[in-house]
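Visitor: sequence plus the predicted model coming up.
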Amino acid sequence: MKKKLALLLAAMMILSSLAACGSTAPAPAAEPAAEEAAEEPAEEAAEEEAEAVEETAEEASEEAEEGDRSAEELVSDAFIDPVNDWAQYDELIAQIKAETDTAKRTEMMHQAEDILMSNYAVIPVYYYNDLYMEKDYVKGVYANPFATKFFMYATMENGADTLRINLASEPDYLDPALNSSVDGACLAANSFSGLYTYDSEGHPVPACAEGYEVSEDGLTYTVTLKEGLKWSDGSDLTAEDFVYSWKRATDPKTAADYEYMFNGFEGYGTEEGINVTAEDATTLKFVLTAPCAYMEDLMAFPTFYPVKQEAVESYADWETTPGGWCQEAGFVSNGAYVCTGWNHDTSMTYEKNPYFWDADNVSIEKLEFMLSADDTAIYAAYNSDSVDFIDTVPTDEVASLIESQNPEFKVVDELGTYYIAFNVNSELFADKTPEQAACMREAFNILIDRDYIVENIGQTGQVIATSYIPLGMMDGNGGVFKDDPTVGYYDAYAINDDYEGTVAKAVELLKAAGFKFDEDGMLSDETPISIEYLTNESSGHIAIAESLQQDYAAVGIDLSIAVQDWNVFLEERKNGNFDMAREGWIADFNDPINMLEMFTTTSGNNDPQFGRK
């Protein structure tokens, strides 16, 4: 469909140019299919295609006018005001967290997704998989289903003792309590160690813990730590360090994006704080408010990692800058590697920690990280043997890597969703009712040619998303939350199978939101839509943004693209300084609540600003 649309737009531009100045050159983005262009003379084909565009636009406009409905009639029954009434969603998430009937809990999570999807501030595009490349002499690197990569048990068959890696550009945070990015989680997993970790099969296994016991009611956990645990400076690591770290992560002054992951703990949100205590040096005890089927995953998650109090609070401004203690090399940790060098925006060096509890099984002495988000530069470094492992590949190289069956090119499944977020407080919606704003966003949703994105940009078999919760995620009740890619909140292929009808529906939604259209079915000059799309540097992300530009041009929406450095991009999204932004969420554990609770009002990961005025 995208190729056909490009052809139609090109034809219109040809006729326009001929009338204006005699030029026959189409816009650079328009690439008509060679076999179609060869079937008839260019001018005749252009005239026919231009007529087709005009007829389609007229039909869309007429159909929308015939069946005009109000925005209130067009939103779903699950819709609530995503700003003023979002407390209802917050309360539902709290009920889910407290519910002990697993079947009822699953039903409530479906209800929460209904509410989330009803306002279209979250627009799923496709379900994630992950691609990376590693040299054939690198063995033993593995990842869990949540995209965290583990390097500590890798080996180098070329005799080297250093593994050279690119994960991303400059990390936003290395403090495990403050990190919320995938690359940051990878760095944390290789330099810190929690009670649990993941094995090469993706299963949680004991790390600093020997094991645990749970009370009969499923609420009280007693964890036994390994004997002799040490920090990287050689000092003792005890259960009290976990108490300090967990309470710090939930302290509002820390402002941890993931503090809500402790909301199932007794005492969460109270002045006394969560109920976690050290019975002795190797015994940690904590109490929940409801049984938790994914507790081992939480104990393996970076926000639950220990940090040394003395190291944190030795930083001069630790109370106002909680992550400042580990913004330079040399900070104390307890994982397989210690950060020993950091040339900001260029490189990082990690060296083996002799005090790591499993140091005997770590054979690689050093990890060297290239800090860059430039796909082309990263790929060039890989091909020149300057790095051994890369976590990205330029979009225009993917097809040839797949076709050549390059054994160093790997694609693995993940539990996550690539999506687009709208800021519900954007000026774009300033003069709209909540229902009108939802109709606007739904129009943006159905105009997206997802098939083009996965086939021509993603290219690694991504599945088009029809809902936010990813395919294959467990439902917490012994089943799968969603296993049919064709069932969801909208027909993701409608723009391909019924282009005219889908455009007509988008026009109807925008009319209900107060926009006017001219006789060609394009937005009137009286009511234009100009919106900025925020993304970070990456050939794939930028290509998707450019695809959206073309999709939205079908009804006259003007989309501009703003590309920012990774750290700036993360902060701008978090602070709500955007209209529309590219997003992606890879699950932290295999339960839908992880994908749903991030959108509660106070969550640090609530980029759409739900419930915030």
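Guide: Received, thanks. Numbers count the residues shown, from 1 in each chain.
Visitor: drop to CA atoms for contacts and neighbour counts, all remaining ones
Guide: OK.
Visitor: spell out the secondary structure type for L428.
Guide: Assigned by DSSP: H, G, I helix; E, B strand; the rest coil, the conformation of L428 is helix.
Visitor: residue boundaries of the helices in the stretch 51-200 of the chain?
Guide: All helices of the stretch 51-200 of the chain, identified by DSSP state H, counting those that start in this stretch, fall at 71-74, 87-98, 102-118, 182-191.
Visitor: next SSE downstream of the helix or strand T340 falls within?
Guide: Using DSSP states H and E, T340 maps to strand 337-343. Note on strand 337-343: by DSSP H and E, the next helix or strand toward the C-terminus is strand 347-352.
Visitor: quick check: mean pLDDT of the helix or strand just after that following strand?
Guide: Next helix or strand after strand 347-352 toward the C-terminus (DSSP H and E): strand 366-370. Across strand 366-370, the average pLDDT comes to 98.
Visitor: now swap in stretch 153-165 and tell me
Guide: 97.
Visitor: distance from the chain centre to it, please.
Guide: A distance of 30 Å separates the centroid of the chain from that of stretch 153-165, by C-alpha atoms, centre = their mean, to the nearest Å.
Visitor: with stretch 541-551 instead?
Guide: The chain centre lies 17 Å from the centre of stretch 541-551; the measure is C-alpha atoms, centre = their mean.
Visitor: so for it, what gets flagged as buried?
Guide: Along stretch 541-551, these residues count as buried under the neighbour rule (16 or more other C-alpha atoms under 10 Å): 541-551.
Visitor: which one of those is nearest to A255?
Guide: Set against A255, the nearest of the buried residues of stretch 541-551 by C-alpha to C-alpha is H541 (28.5 Å).
Visitor: if I pick the closest one, what's in contact with it?
Guide: Residues counted as contacts of H541 (C-alpha atoms under 8 Å, 6 or more residues apart in numbering) are 535, 582.
Visitor: for it, give its distance to D233.
Guide: Distance, H541 to D233, by C-alpha to C-alpha, to the nearest Å: 41 Å.
Visitor: now, the buried residues of stretch 541-551 that are in helices?
Guide: Residues of the buried residues of stretch 541-551 located in helices (DSSP state H): 541-551.
Visitor: identify, from those residues, the entry nearest to A443.
Guide: Of those, the one sitting nearest to A443 (C-alpha to C-alpha) turns out to be D551, at 11.0 Å.
Visitor: and the pLDDT at the closest one?
Guide: Value for D551, per-residue pLDDT: 98.
Visitor: V507 now?
Guide: For V507, pLDDT reads 97.
Visitor: and it, helix, strand or coil?
Guide: V507 ends up helix, using three-state DSSP.
Visitor: how near is it to G140?
Guide: 53 Å.
Visitor: where does the stretch 501-613 of the chain have low pLDDT?
Guide: Judged by pLDDT under 70, the stretch 501-613 of the chain has no weakly predicted residues.
Visitor: now do the chain
Guide: The chain contains residues with pLDDT under 70 at 1-67.
Visitor: quick check: P145 touching D413?
Guide: Yes: P145 is within contact range of D413, at 7.0 Å (criterion: C-alpha atoms under 8 Å).
Visitor: which of the two has more residues huddled nearby?
Guide: P145 (22 against 16; other C-alpha atoms under 10 Å).
Visitor: in stretch 494-508, what counts as buried?
Guide: Buried residues in stretch 494-508, counted by 16+ other C-alpha under 10 Å: 494-496, 499-508.
Visitor: for V480, give me its contacts.
Guide: Residues in contact with V480 (C-alpha under 8 Å, 6+ apart) are 472-474.
Visitor: no, scratch that, I was asking about E597
Guide: By C-alpha under 8 Å, 6+ apart, the contact set of E597 is 93, 260, 603.
Visitor: quick check: it is in a helix.
Guide: Yes: with three-state DSSP as the criterion, E597 is part of a helix.
Visitor: pretty sure E227 sits against D280.
Guide: No: using C-alpha under 8 Å, E227 makes no contact with D280, being 11.8 Å away.
Visitor: quick check: neighbours shared by the two?
Guide: Counting by C-alpha under 8 Å, 6+ apart, E227 and D280 have no common neighbour.
Visitor: what about those two, which has more around it?
Guide: Using other C-alpha under 10 Å as the criterion, E227 and D280 rank with E227 on top: 15 against 12.
Visitor: contact partners for that one?
Guide: Contacts of E227 (C-alpha under 8 Å, 6+ apart): T282.
Visitor: the one 5 residues further on now?
Guide: Contact criterion C-alpha under 8 Å, 6+ apart gives 332-335, 338, 353-356 as the residues in contact with S232.
Visitor: rewinding a little: farthest pair in the buried residues of stretch 494-508?
Guide: So, the buried residues of stretch 494-508 by C-alpha to C-alpha: farthest apart are N496 and E508, at 18.5 Å.
Visitor: got the phi and psi for E572?
Guide: E572 adopts backbone torsions of phi -60, psi -40, taken as degrees, to the nearest 10.
Visitor: can you count the residues close to it?
Guide: So E572, with other C-alpha under 10 Å, has 16 neighbours.
Visitor: tell me where the stretch 251-400 of the chain has helices.
Guide: Under the criterion DSSP H, counting those that start in this stretch, the stretch 251-400 of the chain contains helices at 295-299, 309-313, 375-383, 395-403.
Visitor: out of the ones you listed, flag the one nearest D588.
Guide: From those, taking C-alpha to C-alpha, the stretch that ends up closest is helix 295-299, at 7.8 Å.
Visitor: list the buried residues for the closest one?
Guide: Neighbour counts using 16+ other C-alpha under 10 Å place 296-299 of helix 295-299 among the buried residues.
Visitor: ok, and what's touching that helix?
Guide: 194-197, 204-205, 261, 304-305, 588-589.
Visitor: who are the contact partners of R164?
Guide: Residues in contact with R164, defined by C-alpha under 8 Å, 6+ apart, are 367-370, 386-389.
Visitor: who is it paired with across the strands?
Guide: Listed beta-bridge partners, R164: E368 (assigned using DSSP bridges).
Visitor: how much space separates the closest residue to G269 other than its chain neighbours from Q459?
Guide: Setting aside the residues directly before and after it, G269 is nearest to N263 in space (C-alpha to C-alpha, 6 or more residues apart in numbering), at 7.7 Å. Using C-alpha to C-alpha, N263 is found at 39 Å from Q459.
Visitor: who has more neighbours, these two?
Guide: A direct count of neighbours by other C-alpha under 10 Å for N263 and Q459 places N263 higher, at 19 against 15.
Visitor: now do the contacts for the closest residue to K352 other than its chain neighbours.
Guide: Nearest residue to K352, sequence neighbours excluded (C-alpha to C-alpha, 6+ apart): Y337, at 4.5 Å. With contact set as C-alpha under 8 Å, 6+ apart, Y337 has these partners: 152, 190-192, 350-353, 356, 366.
Visitor: out of those, which comes closest to A421?
Guide: Nearest member of these to A421, counting by C-alpha to C-alpha, is N190, at 30.7 Å.
Visitor: burial count for the residue lying closest to D375 once chain neighbours are set aside?
Guide: Closest residue to D375 apart from its sequence neighbours, by C-alpha to C-alpha, 6+ apart: P394 at 5.1 Å. Per other C-alpha under 10 Å, the neighbour tally for P394 reads 16.
Visitor: give the full set of residues in contact with P394.
Guide: By C-alpha under 8 Å, 6+ apart, the neighbours of P394 are 375-376, 379, 539-540.
Visitor: and the furthest pair within those residues?
Guide: Maximum distance among those (C-alpha to C-alpha): 13.7 Å, for Y379 and G540.
Visitor: is it true that Q609 touches T601?
Guide: Yes: under the criterion of C-alpha under 8 Å, Q609 makes contact with T601 at 7.2 Å.
Visitor: the more surrounded of the two?
Guide: Q609 (27 against 21).
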